[in-house]
Structure formats: C-alpha cells, structure tokens
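1. Quick one, what's the 3D model for this:
(chains A and B, ligands or ions: 2)
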Amino acid sequence: MKAMAITDLKKIYNAQTAALQNINLEVSHGEWVSILGPSGSGKSTLLNIIACLDRPTSGEVRIYDTNLVALNPKELALFRRENIGLVFQQQHLIPYLTALENVMLAQYYHSMVDEDEAVAALKRVGLGHRLNHIPAHLSGGEQQRVCIARALINDPKILLADEPTGNLDRENSGNVYDIFKQLHAEGHHTIVLVTHDEEAAKLGDRTVKIVDGRLSFDRTHSV
Amino acid sequence: MNNRQMFLTIVHKALLGKKMRFAIAVSSIVLVAGLISALLSVSLGIKARFGSEFRRFGANVVLYPKGGERVMNESLTRKLSSGELGRYLYGYVPFLNEQGVVNGKTMPVIGTDFRLARRVNPWWKVSGSYPDEGAGEVLLGIDVAERLGVRVGDRVRLNPNTGSVPASSVECKGCHSVLPENHNRRLEGRLAEVKSNCMSCHQAHSLGGGSSVEMRVSGILSTGGDEDGHILTDLSRAQSLFNKPGAVSQVHASVLTGGELSLEDISRVIESKLGDVQATPVSRIARAEDNLLGKVQLLLTLVTLIVLSTTGLTLASMMTASVMERGREIGLMKAIGATHRAIAILFLAEAASMGLTGGGIGLLLGFLMSQLIGESVFATAIPTPPVVFPLTILSVITLAVLSSVPSIKRAMSIDPATSLRGE
Ligand SMILES: Nc1ncnc2c1ncn2[C@@H]1O[C@H](COP(=O)(O)OP(=O)(O)OP(=O)(O)O)[C@@H](O)[C@H]1O
Ligand SMILES: [Mg+2]
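-> Ligands and ions are numbered 1, 2, ... in the order given. Presented below is the predicted three-dimensional model:
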C-alpha cells in the first residue's frame, strides 16, 4: 500500500526563496524514510507539508489516497489529528502539565482521554516511573520520549520526526532511536525521519537527500 | 479522568502556572466587582428600603382628619381593610401623635398598633422586642434612648402633660405659676415624682403633671426616620394616657400600585369611602435623601465605569501578552489536534475563572463597602438584595470574557508550524 505520493511539489515562501522544487517521492506503508540534507535545504518545509502544518505552492501530496491540497484548513487539522504523529527537535511539552497529562492532552484533543492507555504509552518509552513529573523535572531525553509517546498515543499511520535527537546527547539519542527501531519492526507506522546524522539515517529502509530544495539522491539501503 | 476533568485540569494548571499574573488579573477584577456590587446594593437596597422601587414597602398615602381637626375616629380605619379598599391596600397603620414628658424631656409620644406597623414598615429594626399588647411597655426611638441613656429592660416615666409650659420649666398645679428653670433643673429626671413645695404658693406635692406612669422599655427602634426621635406605645394605652379614647391623628396606608388606578386615584377612592379624611399621596424618600442617593449613585456609576474600562483594557492587554508568551504552547496544542474552537474555549474558560474568582472576592468587598456607605451616608444598614450576587458575578465574568476576545483572536491566528520552528 502506498502511504505517500508526492508529485512535482513546489514551495516558494517569497520571490527570493524557493524552499522546495520538483520534489517527487513515494513512500510505502510501513517504510522508514530518512531525509538528509544541509541546513536550509528544505527538509523541515517538506515535513511540515506532509504534516498538514503547511501548504505547497504547487504540486500534489497524497497521503493514503487523500489529496492534501484539496483540503481546507479545518480538514487539514482533522486529517493531521487522525493520521499523523509529530516529534520535533525541541521537546515541545506543555510546561505546567505532567508527563502523563501531556500525553493525555493529545487524547483529549483527538477524542477521549484514557489514562490507562497513556500510562502504557509512557511505559513503552521507558517512563513508567516518571508519569507525574512536569517537563522541567525530566531530562531532555526523557522529555523527548514523552513527545514520542504523545505522538503515538492516537495510533497515527504516519510518524514524522524532525531531528528528534538534535538536542540530545549520544546516549539519549540511542534511546530514542531504539524506540524508532522497535516501532519500525512492528510495522504499523510509516516513519519519516529528518536528521543530520548519517548513521541514524541508515537505520531506515531508505535515505533521501535534499540539497537546495531538490532531491539529490534517493537510495534504498541494502540489508 | 474524563475529558471534562482533563479540561478543568488544563484551565486550573494554566492559571496557577502563572500565579503572579493570575493574582494581578484577579485583584483588578475584585475591584470592579466590589464597585459594581456596592453600586447595585446602594441603588437597589436603598430604594427597596425606602419603598420607591417596591411600593408595597412603606406607606405611600397618609390619611389626615378633614378640615383642620387634630384627630379622627379610629373606627374609620376599619373600612380600610374591608371591601373594595382591601384590594388596594397592602396594609395601614394608625398613629396618635402627642407630646409628653419622658424622664423629664419633652418629646413626641406616639401610639400605634405595632402589628400593623410592622407590616407597613418591614424595615423597622428593633433590638429587644416589640411591646406586648396591654403590658404597659414602650419602644424608644434610638435617638431618644441615647439621649436618655436608657436601655432595653429599663423603666421610663412618661408624663402625658407637658402643660402650657416649655419643656424646661414646670407649672405648679395649685397656683398655676410657672416655676423658674433652675428650680426645674434641680428636679429634672424625677419631675413627676417630686413632691417638694411650690416656690410661690408653698403647697406640697404641687409640681408636675399628675397622672404619670412608669413603663418598661421593651425595645429600641431604629428606622432611619423620624421615629428614631419618638417614644412609641400601644395605641389604646396612648389613647387612655392622653385621654383621647378612639382617636387617631393620622393613618399611614401602603397602597398597592401598578394596577389600573394611580396612587392619586386610589387616594380619592379612600376619601370617598371614608368620608371625613383627607388622603395625601407621599413619597417615602424625602427629597434630600433622593438627591443624596442620586449623587452617591452617580459617583459610584462614574467610578465603576472608569474602573470597568481601565480594567477591561488592562485585562485585554494582559491576556494578549499571555497568549503571545504562550505562542508555542498554543501552536503545540493545534499541532496535536486542538481546533480553533477548542483553543477559544480554553482561553474563555481561563477568563471566566478569573472573573468568577475575582467576582467572589469582590462581592465580599462590595458588601462591606455598601454597609459603610449605608452607615456613613444614610445612617442605616443597607440590605443587600440577593439579585446583587448573580448580577455582579455575571457582569465581571462578562467583562473578563469580553476582554479576552482580542487575545483569543490572536491565539486563533497562531501558526503552529511557525511557532514550533526551532530557534
Ligand atoms: N516561514 C518561512 N518564511 C520564509 N522563509 C522560510 C520560512 N520557513 C523556511 N524558510 C526558508 O526556507 C528554506 C528551507 O527551510 P527549512 O526550515 O525547510 O530548512 P531545513 O532543511 O529544515 O534546515 P535545518 O536543517 O536548519 O532545519 C530556508 O532558506 C528557510 O530560510
Ligand atoms: Mg529543519
């Protein structure tokens, strides 16, 4: 099954900067695609468009056969809520809510809170003992794992991560990638990972490189 | 935890996460709520008290004897409660107004029916109790009680005869010569009991007014009106004391208005039914009090309006600053699925909670303020009409909610992609 089909995608912020040009990319369900590229090459721009947080200037983006370009802002938000889990470089958490409540917040905005499920999700990322800590009392790596638990709580088909270990040290990065590896092995989620780390990129099935807003190579890793 | 609890948790923690800001916002709302509730209490409370708003409280028609007579017959009043008139009347109360000497001081002595008086004047405040019928008890106006230094349970001596002499001098019963003031002063306080010889005819037990009685003070009356300077007793007791059986000097009637007949119309009906009376509509609020009330109201209204608008602006800018500061948080909520509506509801709830908290505390403050205004300006306790509570809370919540509109607009316009972009 095709998870994503991007055709002739173009994103122009203003006359000077064409952030993305002629992007064509297909991703199958369950696949892990890593996106590499120098700073400012357009990786986040691409990811945000897939995440329904931004719109392309032209071209087509289909996700599980939904044409994102045809959706209005409200429909985009709903589509994102149902289908996409997001992890960012910064550990974006609500500072005054506990780890558990931060995860439950995603349930709340999705449909119904379910404390047991939220606890299970946190246990899964190894935070069973940190449920009632507020973000300020968690390490960066722990915070990022809360973010991953939150991204997964509504069981999205697609998990998008934009440099999720950019702020983390080696050990914490390792923890985060271990979770990704496990998720990948389970095969429920399609994963798109933006990273600067070539080693991490190789954990996926395939690496795509963007330079100056264009795809420069698209290479499937041999196992 | 269910969704509602989750929502409350978010609102609660979001507000308490910024305690200082919350405290500042709430205290400015407290001020407004205090002013609004004081304004409402004074306007509504005072009006209710003097019966201009709620006509059935307090007399609005006074019946006098016709043609310059001093008294009329008590039996006339019976017609007031029967037949057609009964429908127009909420209540009536007869008074016999006389002058007497109480513990040596001349003052108005009023005979009345306390049961009827209470119905017409429900705001009368008595510490102690109303006199029991026929028990020889009196009610002292609070000013009288103070002047005489008398308390509930004490006895006073009431002499119905002031004679033709000024209050400060005494007439000899025997030779009718007026005794000098110093003579009088020496006797003051025990005047009626004095059995000393007259300076002029030298006859013994010749001073004072004779048929004085001793009466027990059952209570102290405070009304904020003339009654505070009177001594009141049973109508029948007063009639016998002053030797005016069956006489009343005036009747206060509380006429129900709002029907097809005006107060004037009903006054005419009373006159035609009763015959020998003149019925005069009155306004319970004396003009001076009316003016004063108007001024206090105007002042409070102005201050409230100023504080209302400045508080509105302060709140609006505080909330906008808060939204800008929480841009990431809002962007994040949107990114994980919050709709515009959900964001708006969250901020409205935060605003409403501030309104509710500030309103609650402010009500208390306003209550104290209105009591203070009541005591110092109108010399009477102002009852806080219950409607003041919901009205105050509602208006400050509205204020907080309206002030949150600009910040909510801003929150809606936050773009999650931009706000979540890394530095
Ligand atoms: N909202 C915006 N308005 C204008 N230009 C933008 C905007 N967002 C991104 N850009 C520009 O588009 C280009 C691509 O940005 P993007 O954030 O996608 O790069 P990136 O590959 O994610 O870089 P990095 O590795 O540093 O995160 C950059 O030149 C950037 O300045
Ligand atoms: Mg980026």
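
2. Could you pull up phi and psi at residue A:59?
-> Taking degrees, to the nearest 10, you get phi 100, psi -180 for the backbone angles of residue A:59.

3. ok, it to residue A:72 distance?
-> According to C-beta to C-beta, to the nearest Å, residue A:59 stands 18 Å off from residue A:72. In short, each C-beta sits where N, CA and C put it, glycine included.

4. Looking at the two, which is more packed in?
-> Just comparing residue A:59 and residue A:72: by other C-beta atoms under 10 Å in any protein chain shown the higher neighbour count belongs to residue A:59, 18 against 8.

5. what sits against the more buried one?
-> Counting by C-beta atoms under 8 Å, 6 or more residues apart in numbering or on different chains, residue A:59 makes contact with A:6-10, A:23, A:69.

6. Only the buried members of the residues you listed: can you turn that into a ChimeraX selection?
-> The buried subset of the contacts of residue A:59, as determined by 16 or more other C-beta atoms under 10 Å in any protein chain shown, is captured in ChimeraX by this line:
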select /A:6,9,23
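
7. unless I'm mixing things up, residue B:346 is touching residue B:10, no?
-> Yes - between residue B:346 and residue B:10 there is a contact at 6.5 Å, judged by C-beta atoms under 8 Å.

8. so residue B:151 sits in a strand?
-> No - per DSSP: H, G, I helix; E, B strand; the rest coil, residue B:151 lies outside any strand segment and is coil.

9. How about residues contacting stretch B:295-304?
-> Under the contact criterion C-beta under 8 Å, 6+ apart, stretch B:295-304 has outside partners B:32, B:35-36, B:38-39, B:42-43, B:373, B:377.

10. does residue B:110 sit in a helix, a strand or a coil?
-> strand.

11. any idea how far it lies from residue B:232?
-> 5 Å.

12. Neighbour count: the two, which is higher?
-> residue B:232 (26 against 23).

13. Report the central residue of chain A.
-> Most central in chain A under C-alpha atoms, centre = their mean is residue A:160, positioned 1.4 Å from the mean C-alpha point.

14. Check whether that one really touches residue A:80, as I assumed.
-> No - checked against C-beta under 8 Å, the pair residue A:160 and residue A:80 is beyond contact range at 9.8 Å.

15. okay, and the common contacts of the two?
-> Among the neighbours of residue A:160, those also in contact with residue A:80 (C-beta under 8 Å, 6+ apart) are residue A:51.

16. Please give the element, helix or strand, for residue 101.
-> Went with chain A since none was named. Assigned by DSSP states H and E, residue A:101 belongs to helix A:99-110.

17. look at chain B instead
-> Here residue B:101 is assigned to strand B:89-102, by DSSP H and E.

18. Check residue A:175 too.
-> Residue A:175 belongs to helix A:170-186 when assigned by DSSP H and E.

19. mind listing what residue A:74 touches?
-> Taking C-beta under 8 Å, 6+ apart, we find residue A:74 in contact with B:339-340.

20. Please compute how far the helix or strand containing it lies from its chain's middle.
-> Residue A:74 is located in helix A:73-83, with elements delineated by DSSP H and E. Mean-position distance between helix A:73-83 and its chain equals 15 Å (C-alpha atoms, centre = their mean, to the nearest Å).

21. Could you identify the helix or strand that succeeds it?
-> The helix or strand immediately downstream of helix A:73-83 is strand A:84-87, counting by DSSP H and E.

22. Nearest residue to residue B:36 in space, please, no chain neighbours.
-> residue B:392 (5.0 Å; C-beta to C-beta, 6 or more residues apart in numbering or on different chains).

23. Would you mark the buried spots in the host helix or strand of that neighbour?
-> Assigned by DSSP H and E, residue B:392 belongs to helix B:388-403. Across helix B:388-403, burial judged by 16+ other C-beta under 10 Å covers B:388-389, B:392-393, B:395-397, B:399-401, B:403.

24. how about the CA coordinates for it, as PDB?
-> The C-alpha trace of helix B:388-403 is given here as PDB (Å, rounded to 0.1, in the frame of the first residue of the first chain):
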ATOM      1  CA  VAL B 388     -26.800  41.700  43.500                       C
ATOM      2  CA  PHE B 389     -24.800  38.500  43.800                       C
ATOM      3  CA  PRO B 390     -25.600  36.900  40.400                       C
ATOM      4  CA  LEU B 391     -25.700  40.300  38.700                       C
ATOM      5  CA  THR B 392     -22.200  41.200  40.000                       C
ATOM      6  CA  ILE B 393     -20.700  37.800  39.100                       C
ATOM      7  CA  LEU B 394     -22.300  37.900  35.700                       C
ATOM      8  CA  SER B 395     -21.100  41.300  34.900                       C
ATOM      9  CA  VAL B 396     -17.400  40.600  35.900                       C
ATOM     10  CA  ILE B 397     -17.500  37.300  34.000                       C
ATOM     11  CA  THR B 398     -18.800  39.200  31.000                       C
ATOM     12  CA  LEU B 399     -16.000  41.800  31.500                       C
ATOM     13  CA  ALA B 400     -13.300  39.100  31.700                       C
ATOM     14  CA  VAL B 401     -14.700  37.200  28.700                       C
ATOM     15  CA  LEU B 402     -15.100  40.400  26.600                       C
ATOM     16  CA  SER B 403     -11.600  41.400  27.500                       C
END
